[in-house]
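>>> From the sequence below, what's the structure:
(2 chains)
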Amino acid sequence: MPNIFTKTTLPNSLTILLKEIHTAPLISSWVWYRVGSRDEAPPLTGISHLVEHMQFKGTQQFPAAVLDRVISRDGGMRNAFTFLDWTTYFETMPADKIDIALRLEADRMINSEFDEKGFSSERTVVISEREGDENEPMFRLGEAIQQAAFRIHSYHHEVIGDMADLKTMTRDDLYKHYRTYYVPNNAVMGVAGDFNTKEILARIKELFEPIPAGTTPPRLMRSEPEQRGEVRLSVEGPGETVYVQAAYRFPSASHPDFFALSVLDSLLAGPSNLNMFGGGGISNKTSRLYRSLVDKEFAVGLSGGSNVTVDPFLYQITLIIHPNRKPEEALAALDEEIKLVQDSLVSKEEIARAIKQARANFAYGTENITNQAFWLGYAEMFADYKWFETYLEKMLKVTPKDVQRVAREYLRPQTRVVGTYVPTGNGKSA
Amino acid sequence: MSKTKTNSLPGPQDIHREVLSNGITILTRSNFNSPSVSISGYIQAGSLFDPDEKLGLADFATSALMRGTAKHSFDALFNELESAGASFGFDSGLHTTGFNGRALAEDLSLLLGLLSEAMCQPVFPTDEVEKLRNQLLTGLAIRLQDTSDMADITFDEILYEGHPYSRSEDGNPDTIKAITRQDLVDYHRFGFGPHGMVISVVGAVEPKKAIDLVHRALGNWKNPDQRELPPLPDLKILDETVKRHFKIVEKSQADIIIGSNGPRRKDPEYMAASLGNSILGQFGMMGRVGESVREKAGLAYYVYSSLSAGVGPGAWTVNAGVNPANVKKASDLIIKELKRFVKEPVIEEELADSQANFIGRLPLAFESNGGVAGSLVNIERYDLGLDYYRRYPDLVRKVTAADVLEAARKYLDPQRLAVATAGP
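All right, here's what the predicted structure looks like:
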């Protein structure tokens, strides 16, 4: 039975995507807002993420304790994520219990209270979240690289925000941010699972149509000028392990080169998994970089991947340096491998292999209703659902020449930032 | 609104079970909703065999299984696997060595073939063993900087003092350096065999075909040298609360683990303890400890309770990550909740909520092939019966608040807790 797909827009401009999938008695519902850390400027960095946290603090109709309870009681799963370009909320429920999730999302699109007391404890929760992040060498290094790569564009700061801002922003700042961006005309809803399209659409209209459209909020947009020359930086911290990350500039996900770059990533560092749930797990031990860096003992581990973004972001290759090697040696080996893919054409077989890996990742992703619902709205954040549906087709069109061209264009040392985590030892650890 | 009529819970009508003559148990269930397949299982070998001076041997040997076989080099083996978009790996545990993998359904025989090669014919090439040793040593250096890992290790050292569970399965730099290639060969020779092995296959494959393919890959495997695991000594319960701190400099967050030993999976009070654990630190936004430490006090991004019940005595813990200045405040709040938890029965409404959650979440747990494959393996490991998930709602509903209190009191004594912290 083919899955019935519907895309429609309500009079208040809320976009709705529905996909009937009758494989399990489950429905997953997602609401996406076009607001993320790139819409923030100091001293309010991290505000989108903090607003997302406050969205779990309840409304008059659904106080926090009630909210948690109704979802969990029915065996549902819910969460939310804040990213560079978007914020999203989802619930996956037994099919006959989805109504409560639809009601709560309609309610918190407009009725969240953001009370002062709830905010004061949530502020410290998020500060604690950031402190946990700061425990990780790769967070510290990644943050420094991102700041160096984006001087103008608001991709400059981490989603979680700067500590200084987390400590000073006020409840009124948050409420204003919420009311500015949480309007139906800035939102997309994606629902997949075991429903009848006509019935669920009628219910969604009933709940969401009364919410008035607001002024469509503008995106904060300051283009990053071209980088002229390699940037190198280092971050010091405890430990004995050296990490190196090389960050190259990649185009937005809607750029035609995205697919050739996906193939290139797969060849260099193993396939990236774009699913939020249920994909991934394919190792990278026969990728070109593993063979030349880990097999040859310049590094003990490596990963590579880009983020799917609205504006150009970064492709990051991360190396855990072998204890007997210097980071410059590993970097030289990396450069040699990149030169190889720029100088000589990859084989058609290698491309076919990358496509099969992507096909497998998508198949794993379809085992899971939550992941299928995720794609409906996610793809709309940077392109549209067709982008997802035609992903493999577009990969199939990639030629060895395309891979060589994008390798030459995007993997240039002049436009990269290379960061090294320099360990200072274990101190007086027990 | 639901149109799906089929009962999605695995049961005797759709789980096929077969035992091969060499002792391998196969469980399989079809799911043609997606063109993929998952395998999961274990063999009866684990780190309980590790001598103290070579701690980490089981983990090292298991990690080396795929570094070269009689038929394939490390690179050739992973080339087969990765070219198919498949994944496969082993995971060494205390009592058993687990494995998990998945592939497109068209590649199931490839996956089983590689599993068979890695388990039956590993050759432990010297150069690959040395590369792996350096990778393990780097992993240990990274672990030494991880507040959560080091709190875990410290907690086990307190709770299981004098018991094999007190040892870290990954070993330490000295023991990893002491392990020779021959140790790996011997560990494999005496530890790995078909006796007691369990494998589940779930996904887009007919049961008969799945069983045939496993039979073809592993039906002829024999190992007369396969030894039994040593018996577990009794666990000595703590006389009083023991606190220990592992110092890691320059960290912005400390990890706390507070807890005690918990039931084994097969103990009769397991379900009551499990529901109690949900109320204590899982349900909704991390249960009672979440409400106290995160929601009200705003001290932690994560605070939750956990019950790890396996073959032997598990651990029942509350874990939290907090600012180093708040360790005492958060610990006091957690212990206050533990005291309440063993003093008075849980509220009927709380119990009903967690019971509804346990039953309601089953369809979610079983939508992916990997989820079903793991559940089938547990059915076999703990003798739960093929009809376990059919009986499960009744088992859950049967638990009373008095049962939860009894289970809580049996294990969680606020005067005799293990309290481990790691951080600056």
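
>>> what's the distance between stretch A:370-382 and the middle of its chain?
Stretch A:370-382 has its average C-alpha position 11 Å from the chain's average C-alpha position, going by Cα atoms, centre = their mean, to the nearest Å.

>>> Report the contact partners of residue B:292.
Residue B:292 sits next to B:333-334, B:336-337 when contact means Cβ atoms under 8 Å, 6 or more residues apart in numbering or on different chains. Where you see a C-beta, it was placed from the backbone N, CA and C, and this is true even at glycine.

>>> doesn't residue B:313 make contact with residue B:265?
No - applying Cβ atoms under 8 Å as the test, residue B:265 and residue B:313 come out as separate, 10.5 Å apart.

>>> got the residues of the stretch 51-200 of chain A near chain B?
A:56, A:64-65, A:68-69, A:71-77, A:92, A:94-98, A:120-129, A:131-132, A:134-135, A:137, A:194-196, A:199-200 (Cβ under 8 Å from any Cβ of the partner chain).

>>> Which among those residues count as buried?
Buried by 16 or more other Cβ atoms under 10 Å in any protein chain shown: A:56, A:64, A:68-69, A:71-77, A:92, A:94-95, A:97-98, A:122-129, A:131-132, A:134-135, A:137, A:194-195, A:200, out of those.

>>> Mind checking which of these land in strands?
Residues of those located in strands (DSSP state E): A:77, A:92, A:94.

>>> which residues does the first one bridge with?
According to DSSP bridges, residue A:92 are recorded as the beta-bridge partners of residue A:77.

>>> surely it meets residue B:363?
No - with contact defined as Cβ under 8 Å, residue A:77 does not count as touching residue B:363 (10.8 Å).

>>> For the residue in chain A that chain B sits nearest to, which non-adjacent residue is spatially closest?
For chain A, the residue closest to chain B is residue A:75, as judged by Cβ to the nearest Cβ, at 2.1 Å. Distances taken as Cβ to Cβ, 6 or more residues apart in numbering or on different chains place residue B:360 nearest to residue A:75, at 2.1 Å, with adjacent residues excluded.

>>> correct me, but the one you found touches residue A:77?
No - here residue B:360 lies out of contact with residue A:77, judged by Cβ under 8 Å, at a distance of 10.3 Å.

>>> low pLDDT regions in chain B?
Counting by pLDDT under 70, chain B contains low-confidence ranges at B:1-7.

>>> Show me the strands in the stretch 301-430 of chain A, by range?
A:313-321, A:417-423 (DSSP state E, counting those that start in this stretch).

>>> Oops, could you answer that again for the stretch 201-350 of chain B instead?
Counting by DSSP E, counting those that start in this stretch, the strands of the stretch 201-350 of chain B are B:242-247, B:254-261, B:300-308, B:315-322.

>>> In its sheet, which strands sit next to the first one, and in what direction?
With DSSP bridges as the criterion, the sheet partners recorded for strand B:242-247 are strand B:418-423 (parallel).

>>> likewise the longest one?
For strand B:300-308, sheet partners with direction are given as strand B:315-322 (antiparallel), following DSSP bridges.

>>> Hey, what's the angle from the strand it pairs with to strand B:254-261? Just curious.
170 degrees (axes from the mean of the first three to the mean of the last three Cα atoms, to 10 degrees).

>>> Strand B:315-322: how far from the chain's middle?
With Cα atoms, centre = their mean, you get 17 Å for strand B:315-322.

>>> before we move on, what about stretch A:298-305?
The answer for stretch A:298-305 is 21 Å, by Cα atoms, centre = their mean.

>>> what about it and chain B, touching?
Yes - using Cβ under 8 Å from any Cβ, stretch A:298-305 reaches chain B at A:300-301.

>>> Next, the buried residues of that stretch.
Under the neighbour-count criterion of 16+ other Cβ under 10 Å, stretch A:298-305 has A:298-305 buried.

>>> swap in stretch B:318-337?
B:318-323, B:326-327, B:330-331, B:333-335, B:337.

>>> By mean pLDDT, flag the weakest helix or strand of chain A.
When each helix and strand of chain A is scored by mean pLDDT, DSSP states H and E, helix A:64-73 comes last, with a mean of 87.

>>> Give me the packing partners of that helix, helices and strands only.
helix A:98-108, helix B:283-289, helix B:348-360 (3 or more Cβ pairs under 8 Å, 6 or more residues apart in numbering or on different chains; DSSP states H and E).

>>> Can you name the residues that contact residue 118?
I'll assume chain A. By Cβ under 8 Å, 6+ apart, residue A:118 lies in contact with A:54, A:57-58, A:64.

>>> wrong one, chain B
Residues in contact with residue B:118 (Cβ under 8 Å, 6+ apart) are B:65-66, B:69, B:77, B:90.

>>> List only those of these flagged as buried.
Neighbour-count burial (16+ other Cβ under 10 Å) applied to the contacts of residue B:118 gives B:65-66, B:69, B:77, B:90.

>>> Kindly present the residues you listed as a markdown table, with separate columns for secondary structure and distance to residue B:412.
Formatted as a markdown table, the buried ones among the contacts of residue B:118 follow (DSSP: H, G, I helix; E, B strand; the rest coil; distance: Cβ to Cβ, whole Å):
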| residue | secondary structure | distance to residue B:412 |
| --- | --- | --- |
| B:65 | coil | 39 |
| B:66 | coil | 41 |
| B:69 | strand | 47 |
| B:77 | helix | 46 |
| B:90 | strand | 34 |
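
>>> related to what we said a few turns ago, give me the phi and psi for the residue of chain A closest to chain B.
Here is the backbone geometry of residue A:75 (degrees, to the nearest 10): phi 80, psi 20.

>>> Correct me if wrong: it contacts residue B:364.
Yes - the criterion here is Cβ under 8 Å, and residue A:75 meets it with residue B:364 at 6.6 Å.

>>> how many neighbours does residue B:306 have?
Neighbour count for residue B:306, taken as other Cβ atoms under 10 Å in any protein chain shown: 17.
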